[in-house]
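Trainee: Give the three-dimensional model of this entry:
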Amino acid sequence: MRALNILHALNDGFDASIFLLLPFIAADLHLNLTQVGFLGTLVNSLGIIFALPAGYIAAKVGGLRTLTIALLLYGLCFLGTGFAPNYLSLFPLFILGGLGFAVFHPIGFALVAKLSDKVTRGRKMGNFTAIGDVGKIGISAILTFIIVAIGWRYTSLICALVIIVIGIIFSLRFLKRKEHPDAKAKELKQVKLFEIISNRKFIFAMLSRACDSFASSSLFIFLPFLLLKRAVDPALLGLFTATFFIGNFSGKIVLGRFVDKFGSAKVFIVSEVFMALFILLLVHATSFSLIIIYSIILGIFVKGTMPVVQTMVSEASEYHGNFEKAFGVNEFAAGIATTIAPVLLGFLSDKYGIVTAFNTMALVALLAIIPAFFFHLTKQAREF
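Mentor: Numbering: from 1, shown residues only. Alright, predicted model coming up:
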């Protein structure tokens, strides 16, 4: 678990960093917001392709081995980005990075679900997801200051050096060590995909996750552009996004514990209402202090819902216990939403203004309430 937590902090921290580089890359390479959205889609689309096979790969070669290889892949993404001469050259690099980032969460959440019980699952999910924000907060707080000081290319190369050195250390520990395949590997063949997705409770959990992902996944991509529109100093972008991640961190811990006390569906519904509200408040805020306050509060509900909805998926999959495949299907659906969102929201931003994109996120957050309500009303499936 210690190694898994370290990998989670690195994965989420550098996943956020690649998007934090985008405003500076866009200015230097003369990219519009639609092009920025396509780059976000390249990263997110790999989550669709590898969500389903991620559990199988981990069971075959070992979870920590798989995640160590993924670490090295997105290290190469940063290395190549530092030398990228134009927009087209960024495509294969962001695909490589997306491949590295894609496999982590289906594997990580499945491991946590198997190591948890019904009574404490919300808390454990909350703690695990919050650890990823440690990396986000630490890196984003200083990254833009470094970019302003030395440029985005050198910053990208520094990130690559750090990632690859850590990856080599982990490789020496895990890649050469014999790692027993997951004991659940044989069970994966015994539970058919149809038996998972025919469960209505799982369907509602999956739809809740997809709507939540659409509303929240692109906030971090477009937030720097909204702040620049508000005439925020570019050197302070990292500070603002760090406050956003502080909210993420707090929300995951607090809402995860609320799940154990009040139930996952109820906590999810209330969280989506507050998410929509504070998206709208942030869009219309003009003062420095209000933007900081709204960023923190919004961060609580934007990613604080992650352990909540993952607990919903765990509850819907409890009857068969095949969390690897269930989380793979769930992340597949969420990946579709996160792939569509950046392109659509980028297009809306270019055509109607960036405020329209944020209003759309708020609307979809409210729509997420509908499947969560039916999840709450639906009884658990029969025992497998």
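Trainee: what residues are up against I137?
Mentor: 242, 245-246, 249 (Cβ atoms under 8 Å, 6 or more residues apart in numbering). C-beta here means a position set from N, CA and C on the backbone, and glycine is covered the same way.
Trainee: most neighbours, which of those?
Mentor: Counting neighbours by other Cβ atoms under 10 Å, F245 comes out on top of the contacts of I137 with 28 neighbours.
Trainee: give me the element that one is part of.
Mentor: Secondary structure from DSSP states H and E places F245 in helix 237-262.
Trainee: So for that helix, what gets flagged as buried?
Mentor: Buried residues in helix 237-262, counted by 16 or more other Cβ atoms under 10 Å: 237-253, 255-260.
Trainee: for stretch 48-62, same thing?
Mentor: 48, 50-52, 54-59, 62.
Trainee: and the helix holding F245, what does it pack onto?
Mentor: Packing partners of helix 237-262 (3 or more Cβ pairs under 8 Å, 6 or more residues apart in numbering; DSSP states H and E): helix 2-20, helix 121-150, helix 219-229, helix 264-284, helix 288-302, helix 305-317.
Trainee: circling back: now flag whichever of the buried residues of stretch 48-62 is closest to A326.
Mentor: Checking the buried residues of stretch 48-62 against A326 by Cβ to Cβ gives G55 as the nearest, at 8.9 Å.
Trainee: before we move on, back to that, what mean pLDDT does the helix holding F245 get?
Mentor: Per-residue pLDDT values over helix 237-262 give a mean of 80.
Trainee: Out of the buried residues of stretch 48-62, show me where the pLDDT dips lowest.
Mentor: Scoring these by pLDDT puts A59 last, at 66.
Trainee: So for the chain, the centremost residue is which one?
Mentor: S217 (6.7 Å; Cα atoms, centre = their mean).
Trainee: So what's the residue count around the spatially closest residue to it that is not a sequence neighbour?
Mentor: Of all residues beyond its chain neighbours, the one nearest S217 is T338 (4.1 Å), with distances taken as Cβ to Cβ, 6 or more residues apart in numbering. Burial of T338, expressed as a neighbour count using other Cβ under 10 Å, amounts to 23.
Trainee: picking up where we left off before, need the contacts of I137 in JSON lines with distance to V112, can you?
Mentor: Below are those laid out as JSON lines (distance: Cβ to Cβ, whole Å):
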{"residue": "A242", "distance to V112": "25"}
{"residue": "F245", "distance to V112": "20"}
{"residue": "I246", "distance to V112": "22"}
{"residue": "F249", "distance to V112": "17"}
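Trainee: ok so, going back, deepest of the helices and strands packed on helix 237-262, which one?
Mentor: helix 305-317 (a mean of 29; mean count of other Cβ atoms under 10 Å).
Trainee: Could you point out the helix or strand that follows that one?
Mentor: Next element after helix 305-317 (DSSP H and E): helix 323-352.
Trainee: From the contact counts, what lies against that following helix?
Mentor: helix 33-61, helix 104-114, helix 193-197, helix 200-217, helix 219-229, helix 305-317, helix 354-367.
Trainee: Just want the angle from that helix to helix 33-61.
Mentor: 170 degrees (axes from the mean of the first three to the mean of the last three Cα atoms, to 10 degrees).
Trainee: chain center to helix 323-352: distance?
Mentor: 11 Å (Cα atoms, centre = their mean, to the nearest Å).
Trainee: which of the residues in that helix are buried?
Mentor: 323-346, 348-350.
Trainee: before we move on, the earlier item: export the buried residues of stretch 48-62 to JSON lines and tack on distance to G75?
Mentor: Below are those laid out as JSON lines (distance: Cβ to Cβ, whole Å):
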{"residue": "I48", "distance to G75": "23"}
{"residue": "F50", "distance to G75": "18"}
{"residue": "A51", "distance to G75": "22"}
{"residue": "L52", "distance to G75": "25"}
{"residue": "A54", "distance to G75": "19"}
{"residue": "G55", "distance to G75": "24"}
{"residue": "Y56", "distance to G75": "24"}
{"residue": "I57", "distance to G75": "19"}
{"residue": "A58", "distance to G75": "20"}
{"residue": "A59", "distance to G75": "25"}
{"residue": "G62", "distance to G75": "20"}
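Trainee: quick check, nearest of the residues you listed to R230?
Mentor: Closest approach to R230 among those (Cβ to Cβ): I48, at 33.2 Å.
Trainee: can I assume the closest one is in contact with N330?
Mentor: No - I48 lies out of contact with N330 (Cβ atoms under 8 Å); the separation is 11.9 Å.
Trainee: ok, back up a step: JSON lines please, covering the helices and strands packed on helix 323-352 and showing distance to V270.
Mentor: Formatted as JSON lines, the helices and strands packed on helix 323-352 follow (distance: least, Cβ to Cβ, whole Å):
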{"stretch": "helix 33-61", "distance to V270": "27"}
{"stretch": "helix 104-114", "distance to V270": "22"}
{"stretch": "helix 193-197", "distance to V270": "27"}
{"stretch": "helix 200-217", "distance to V270": "13"}
{"stretch": "helix 219-229", "distance to V270": "19"}
{"stretch": "helix 305-317", "distance to V270": "10"}
{"stretch": "helix 354-367", "distance to V270": "12"}
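Trainee: among those helices, which is nearest F19?
Mentor: Using Cβ to Cβ, the nearest of those to F19 is helix 219-229, at 5.2 Å.
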